[in-house]
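Any chance you could fold what I've pasted below:
(one chain, ligands or ions: 4)
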Amino acid sequence: MRCENMNRLAVVEKFVSINGEGTHAGELAVFLRFRGCNLNCGFCDTKWANAADAPATEESAEELVEYVRQTGVQNVTLTGGEPLLQPHIGELITALGALGYRVEIETNGSVALEPFAALAFRPCFTMDYKLPDSGMESAMKPENFDLLRSQDAVKFVVGSRSDLNRALEVIRQYALTAKCTVFFSPVFGAIEPVEIVEFLEEHKLNRVRLQLQLHKLIWDPQKRGV
Ligand SMILES: C[S@@+](CC[C@H](N)C(=O)[O-])C[C@H]1O[C@@H](n2cnc3c(N)ncnc32)[C@H](O)[C@@H]1O
Ligand SMILES: Nc1nc2[nH]cc(C(=O)O)c2c(=O)[nH]1
Ligand code: SF4
Ligand SMILES: [Mg+2]
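Ligands and ions are numbered 1, 2, ... in the order given. Reported below is the predicted structural model:
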């Protein structure tokens with residue numbers, strides 16, 4: 001490895017917006033989006049960030065903390081790509097946590113959360129469980145569910161009625177609504193939100209929350225940096 005890449009993270013974009021997703025949706029958040037992903041979900045809206053050679057800046061945890069400090073924003077979302085694949089992401093989480101930032105990780109359900117849940121400044125996890133329409137369900141690590149707490153969330157990004165049925169099975173099998181917030185979020189444009197509401201009603205599915213990606217309603221859904 002070249003010397004200048006030591007302790008550096010590959011950042012494809014960083015910006016301030018409102019968080020369009022998760023338990024703090026609607027609040028200001030600063031986003032750090034990292035390069036690369038181990039999955040290839042059919043619906044992925046950040047495919048451009050996933051390639052190993054996607055243009056990125058190599059930044060140290062200290063530089064990223066300084067960027068966050070200058071924004072004046074308290075919520076920090078680490079996303080990607082898959083942020084937990086960055087070798088130095090633990091250092092960044094710890095440095096931000098020690099300064100009192102609320103760190104939220106968007107993670108794809110295939111990476112073991114145990115090392116990150118054990119950090120001194122534990123972040124909040126929004127963990128996807130990839131459903132059959134994504135083509136990636138076989139990569140899921142359900143053992144991660146054991147580590148989730150009330151401040152965390154499991155997100156099911158649903159593309160169809162059959163995805164909804166599978167999500168219901170998983171919620172019941174692992175008693176997810178007793179552990180953390182549970183979201184159903186439509187694959188953008190693939191399923192009408194009303195179909196998700198009807199499914200919740202039909203199954204008397206309490207404590208599951210419909211989540212619409214707010215940023216795609218406010219801005220052009222293809223727009224980056226929002
Ligand atoms: C781009 S991913 C990056 C973080 C991580 N790789 C993951 O999958 O959670 C961030 C979130 O956007 C969601 N997402 C990606 N494409 C989407 C789409 N077309 N419609 C709805 N949600 C989408 C993912 O499921 C995930 O919850
Ligand atoms: N505004 C906004 N909120 C988001 N919440 C999670 C995002 C993500 O891509 O992980 C995201 C995003 O890309 N934009
Ligand atoms: S895991 Fe996340 S970043 Fe990777 S392909 Fe799926 S949605 Fe996209
Ligand atoms: Mg996004």
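
elements contacting the strand ranked longest in the chain?
The longest strand of the chain (DSSP state E) is strand 8-18. Applying 3 or more Cβ pairs under 8 Å, 6 or more residues apart in numbering; DSSP states H and E, one finds that strand 8-18 makes contact with strand 28-34, helix 47-50, strand 57-60, helix 61-71, helix 214-218. C-beta coordinates here come from the backbone N, C-alpha and C atoms, glycine included.

what pLDDT, on average, does the second one get?
Confidence over helix 47-50, taken as the mean pLDDT, stands at 98.

now swap in stretch 213-220 and tell me
On average, stretch 213-220 scores 98.

Not counting it itself, show me its contacts.
Ser17, Ile18, Asn19, Gly20, Glu21, Ala25, Gly26, Ser185, Phe188, Val226 (Cβ atoms under 8 Å, 6 or more residues apart in numbering).

just stretch 14-32 next, same as before
Under Cβ under 8 Å, 6+ apart, the answer for stretch 14-32 is 11, 13, 33, 64, 67-68, 71, 73-79, 83, 92, 102, 104, 106, 124, 126, 151, 153, 155, 181, 183, 185, 211, 213-216, 218, 225-226.

overlap between the contacts of stretch 213-220 and the residues near ligand 1?
Counting by Cβ under 6 Å from any ligand atom, Ser185, Phe188 from those sit close to ligand 1.

So for stretch 34-41, what gets flagged as buried?
Phe34, Arg35, Gly36, Cys37, Leu39, Cys41 (16 or more other Cβ atoms under 10 Å).

Ok, stretch 76-87 next?
For stretch 76-87, by 16+ other Cβ under 10 Å, it's Val76, Thr77, Leu78, Thr79, Gly80, Gly81, Glu82, Pro83, Leu84, Leu85, Gln86.

Identify the farthest-apart pair in those residues.
Val76 and Leu85 (17.9 Å; Cβ to Cβ).

Narrow the contacts of stretch 14-32 to those that are buried.
11, 13, 33, 64, 68, 73, 75-79, 83, 92, 102, 104, 106, 124, 126, 153, 155, 181, 183, 185, 211, 213, 215-216.

burial measure for the residue lying closest to Pro123 once chain neighbours are set aside, as a count.
Of all residues not flanking Pro123 in the chain, Val103 sits nearest, at 4.0 Å (Cβ to Cβ, 6 or more residues apart in numbering). Neighbourhood size, Val103 [other Cβ atoms under 10 Å]: 24.

these two touch, right, Val103 and Cys124?
Yes - using Cβ atoms under 8 Å, Val103 is in contact with Cys124, at 6.9 Å.

mind listing what the closest residue in space to Val197 that isn't next to it in sequence touches?
For Val197, ignoring the flanking residues on the chain, the nearest one in space by Cβ to Cβ, 6+ apart is Leu210 at 6.2 Å. Leu210 is in contact with Phe183, Phe184, Ser185, Pro193, Ile196, Val197, Leu200, counting by Cβ under 8 Å, 6+ apart.
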